[in-house]
Structures are given as structure tokens and as C-alpha cells.
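1. no sequence on hand, only this structure:
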């Protein structure tokens, strides 16, 4: 029988562990000198890590541009569905903005990258970092509009690239059949970019090894405490957003019990958590939403697939905490204008974030570049970030379901008797007591 190989997550975690071990051995047991510092740390390990980081940077502009054009053009049903589409998109964009703002706020209080005598990478930055001076707020908004889109791409001005891509996507959506060939081209290009991401992620275990080994070879054990604080901060903000933001919005707009909602929707949450993919868990999310929550199939068939495309609150939270964390370990103070830039960039980028492994890291590199933070910092969080991916996915689909419930209730296509019934999910289909759950929703 053919042996099943290790999965990507396992390989990345193995690279993380081996990199940590190698770095600590070099730090504690190998004397400083040309062999350790020049040949191994600043030579071999630096080369391995930089190859991976350069590959990520290579994809940032084309991936963001193509993904967002493709994502925005796929929202063509808004014209047909009118209020439903408007409410859905407004909910997703608003909650994403809340998520990134909450992440930045909590991370600024916790300060995951600051410890007593802890990690400080400001002296080992491998690229020149230009710190933006404080600029008027009006200029932040004005700078979002590109005067030359090609120049924006060359200079990696991410906000301008996102705005330009959104306009193209909305234009394609408005043109409909007249531009179907162009829309199909962007769809195929998006598939190509996803394949390229999967190729580059094959380098991830080796890249993580090189980046982590170099960090711990220079810093020793001082890097562990900040990483633990980062991990705890991301998980904490994810839980806060799920319970307070989603629960509060659900109660405010529907009057329904958040506790009942989480109980009924738990089967889908567990599947999303175990698979770590919003797209892969979509069939279960659709089934549980209709059979356990009582939403209309007409509504859920639109809002949930759209949410899997543009609602990435969990990813936005990771980007917010990671931005603060990496800025702190590099001893970079972010201005208010830069924080606003992070909020706008992460919110708009969520429209094009695809549900495949590795894209979140590329989107994070885009956010870091937008405020001139060294992308090398990604290497610090990459290994443990794989562990956070499952929780992020669970939060993402929870937001999709809350939006679907709100829209269904507002449109009068919600069966409250199903929502308050005793439901169970057997892995194939949902059954419910009382039997009204198996009747069509009104």
C-alpha cells in the first residue's frame, strides 16, 4: 500500500520545531564567529528564509488585483436581489471593519511584541524601513484614489490597487453578459494565482525553518514569550468578536438568543474548525443554516457563498494583531494615519481573500507593506499561525450565518419554530424536533 505523506500543516509545524531547535543550538552551543554568524546564520539560514519571503512578495500585487476584481465581479446578483445584496455586503464590510479595529485596539493594550528584556528585532532588520510621518486624515482618503494605476502597482501602493480593482470588478458586474469573456478571463487568472500560491506554499516548511532558526539563533529564548502573547491575543480577539460582535448584532437586529444560535449552529462550527476551510465546509453550513436555524434556502444560497468569498473577519483579526506584534518587535511606532491605512487595507482586501491555505499570509504581507513594516516578521508567526487558522475559519462562517439569519428575518423568510426546535446533525443531514423543521420555510 502507498504510504500517505505528511500534510502541509504537519510539515510547517515540523519546520517550526526544527528551526526552533536549530536556532537554540546555535545560540547556546556554537560559539560566535565566522562559521556560525557569517556562514550559517547570515548565510545559509538567511538565504533559505529570503527565498520564501521573496516568493510571497512576488505574488502580492497580481494576487490582490486579480482576486479582488474576481470577487467584486461575482457580486452581480446584487442587482437582482436588491435589498438582500445591499444588506449582505454592508453587513460583511461593517463586521470586517469592526474585527480589524477590535484586533488593533486589543493588541495595542496587550502589547504582544513587548516584554521585559524581550524580543527586539529593530537591530537586525534586513531591509531599509521607511517610517511614514503623520499625515492629515483627508490625505489618507485622498491617497486611496490612484492617478496612475500602473504606477500604483509598480510602487505597491496597496490601497490604490484595491480601489482600482474594486472599480474594475464592479464595472464587470454591471456590464454582465457584455463582459462575460473578460470576467471569465479574470476567473481563470484567479485559478492560476491560487495554483501559484499552492506551489509557493510547498516551500513554506523550509522557509519557516530558515526564518525561525535565524531568529532564535540571534535572540535565544527571548522570542518565546512574545509569540505566546501573540497567540493568546489572536484567540482572545476571535472569541470576543464571535461572542460580543456577532451575538450583539444578532440580538439587536433579530431579538433572537445568541446562546440558541451557537447551540444550533455548532455542527457547522465544528466542521469548519476541523477542516480550516470556509469553502470546503460550505455544504454543511448551508444545510445547518436551513435545517437548524430556519433560514430560507433562497436567502442562504446567496448570502453564504458570498460570505465565503468576501467575509473574512477572522483573517482580518489575525492581520490586525500581527501588524501590531511585528511593528513592536521591530520597535516601529505606528501613527494614527498608518493605523487607519491598516483598517482600510485589511477591510477592502477581505473581498478578495480566497479560502485556500497561504493566501492569508500574502494578504498580511500586503498589509505590512502598506505601512512599511518589514515583511520578514511573518516568519515569526507563520508556524503557530497554522494552529490559529482553524479558529479563524470557525469565526468566518459564524459571521456568514448571523448575516443570513438577519437578512432572512428582515425579508420575512425565517421560520422561528425551527430555530427554537431541538435540532441535531448526524453528519449527512439535519433532523429536527418538532417535525415542522422539515417543512418549507415561510
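-> Yep, it's here. Nothing here was measured: the structure is a model prediction, and the numbers come from that model.

2. pull out the buried positions in the lengthiest helix in the chain.
-> When the chain is parsed with DSSP state H, its longest helix is helix 378-410. Judged by neighbour count using 16 or more other CB atoms under 10 Å, the buried positions of helix 378-410 are 378-409. For every residue, glycine as well, the C-beta is placed using N, CA and C.

3. are we agreed that residue 373 is in a helix?
-> No: remark: residue 373 does not belong to a helix; assigned using DSSP: H, G, I helix; E, B strand; the rest coil, it is coil.

4. for it, give me the pLDDT.
-> Reported pLDDT at residue 373 in the predicted model: 87.

5. now do residue 360
-> As summarised for this prediction, residue 360 has a pLDDT of 67.

6. residue contacts, residue 40?
-> Shown in contact with residue 40 (CB atoms under 8 Å, 6 or more residues apart in numbering): 26, 30, 217.

7. quick one: pLDDT of the first one?
-> Put plainly, it is residue 26. Residue-level confidence at residue 26 comes out at 91, pLDDT.

8. i'd like the first residue to be 59 from this point on
-> Happy to do that; since the first residue is 59 now, the last one works out to residue 84.

9. just the contacts of residue 98 now: which is nearest residue 71?
-> For the contacts of residue 98, the residue nearest residue 71 by CB to CB is residue 275; the value is 19.5 Å.

10. ok, now how distant is the closest one from residue 81?
-> Here the distance between residue 275 and residue 81 works out to 4 Å (CB to CB, to the nearest Å).

11. PyMOL command to pick out the buried ones of the contacts of residue 98?
-> The command below creates a PyMOL selection of those among the contacts of residue 98 that count as buried (16+ other CB under 10 Å):
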select buried, resi 84+275
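
12. in helices, which of the contacts of residue 98 appear?
-> The subset of the contacts of residue 98 located in helices under the criterion DSSP H comprises 84, 275.

13. now, among the contacts of residue 98, which is nearest to residue 389?
-> Among the contacts of residue 98, and counting by CB to CB, the member closest to residue 389 is residue 275, at 19.8 Å.

14. any idea how many residues pack against residue 394?
-> Here the count is done by other CB atoms under 10 Å, and residue 394 has 11 residues near it.

15. right, I mislabeled it, should have said residue 209
-> By other CB under 10 Å, the residues close to residue 209 number 11.

16. and what about it, helix, strand or coil?
-> Remark: residue 209 carries the secondary structure label helix [criterion: three-state DSSP].

17. enumerate every residue touching it.
-> With contacts defined as CB under 8 Å, 6+ apart, the neighbours of residue 209 are residue 215.

18. distance of it from residue 109?
-> Between residue 209 and residue 109 the computed distance is 28 Å (CB to CB).

19. what's the nearest residue to residue 288 if we skip its chain neighbours?
-> Once flanking residues are discounted, residue 288 sits nearest to residue 170: 4.3 Å by CB to CB, 6 or more residues apart in numbering.

20. what's the answer for residue 265, then?
-> residue 110 (2.6 Å).

21. in a helix, the one you found, correct?
-> Yes: counting by three-state DSSP, residue 110 is located in a helix.

22. hmm, it is touching residue 272, no?
-> No: applying CB atoms under 8 Å, one finds residue 110 not in contact with residue 272, separated by 11.8 Å.

23. list the buried residues for stretch 294-308?
-> Residues of stretch 294-308 classed as buried: 294-296, 299-300, 303-305, 307-308 (neighbour count, 16+ other CB under 10 Å).

24. now the strands for the protein?
-> In the chain, strands defined by DSSP state E lie at 480-483, 488-491, listed in chain order.

25. state the mean pLDDT of the last one.
-> Put plainly, it is strand 488-491. Averaging the model's pLDDT scores along strand 488-491 yields 42.

26. before we move on, back to that, any chance of the buried residues of stretch 294-308 in a markdown table, plus pLDDT?
-> A markdown table is the format used below for the buried residues of stretch 294-308 (pLDDT from 0 to 100):
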| residue | pLDDT |
| --- | --- |
| 294 | 95 |
| 295 | 96 |
| 296 | 95 |
| 299 | 96 |
| 300 | 95 |
| 303 | 95 |
| 304 | 95 |
| 305 | 94 |
| 307 | 95 |
| 308 | 94 |
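
27. inside helices: which ones of those residues?
-> Secondary structure assignment (DSSP H) places 294-296, 305, 307-308 from the buried residues of stretch 294-308 within helices.

28. return the member of those nearest to residue 70.
-> Nearest to residue 70 among these, counting by CB to CB, is residue 296 at 20.1 Å.

29. circling back to that earlier point, more neighbours, residue 110 and residue 272?
-> Residue environment comparison for residue 110 versus residue 272 gives the larger neighbour count to residue 272, 28 against 23, counting by other CB under 10 Å.

30. excluding sequence neighbours, find me the nearest residue to the more buried one.
-> Using CB to CB, 6+ apart and skipping the chain neighbours, the partner closest in space to residue 272 is residue 103 (4.2 Å).

31. need the contact list for the one you found.
-> Residues 268, 271-272, 275 are the ones in contact with residue 103 under the rule CB under 8 Å, 6+ apart.

32. look up how far residue 252 lies from it.
-> On the measure of CB to CB, residue 103 and residue 252 end up 30 Å apart.

33. and residue 203, by the same measure?
-> For residue 203, the distance to residue 252 under the criterion CB to CB works out to 29 Å.

34. so the two - more neighbours on which side?
-> Taking residue 203 and residue 252 together and counting by other CB under 10 Å, residue 252 has the greater number of neighbours (18 against 12).

35. and the more buried one, what pLDDT?
-> For residue 252, the pLDDT comes out at 75.

36. again with residue 111
-> What the model reports as pLDDT for residue 111 is 78.

37. ok, it - contacts?
-> Contacts here follow CB under 8 Å, 6+ apart; on that basis residue 111 touches 265, 269, 433-434, 436-437.

38. of those residues, which one scores lowest on pLDDT?
-> When those are compared on pLDDT, residue 437 comes out least confident, at 75.

39. wait, doesn't it sit right on residue 107?
-> Yes: assessed by CB under 8 Å, residue 437 is found in contact with residue 107 at 5.8 Å.

40. mutual contacts of these two, please.
-> Counting by CB under 8 Å, 6+ apart, the residues touching both residue 437 and residue 107 are 265, 268-269, 272.

41. between those, which is nearest residue 96?
-> Nearest to residue 96 among the shared contacts of residue 437 and residue 107, counting by CB to CB, is residue 272 at 12.7 Å.

42. break down the stretch 59-208 of the chain into its helices, ranges please.
-> In the stretch 59-208 of the chain, helices defined by DSSP state H, counting those that start in this stretch lie at 66-87, 104-131, 135-139, 141-168, 195-200, 207-212, listed in chain order.

43. in the last one, what's buried?
-> Taking 16+ other CB under 10 Å as the basis for neighbour counts, the residues of helix 207-212 that come out buried are 207, 210-211.

44. before we move on, what about the second one?
-> Along helix 104-131, the positions that meet the burial threshold by neighbour count (16+ other CB under 10 Å) are 104, 106-108, 110-111, 113-115, 117-119, 121-131.
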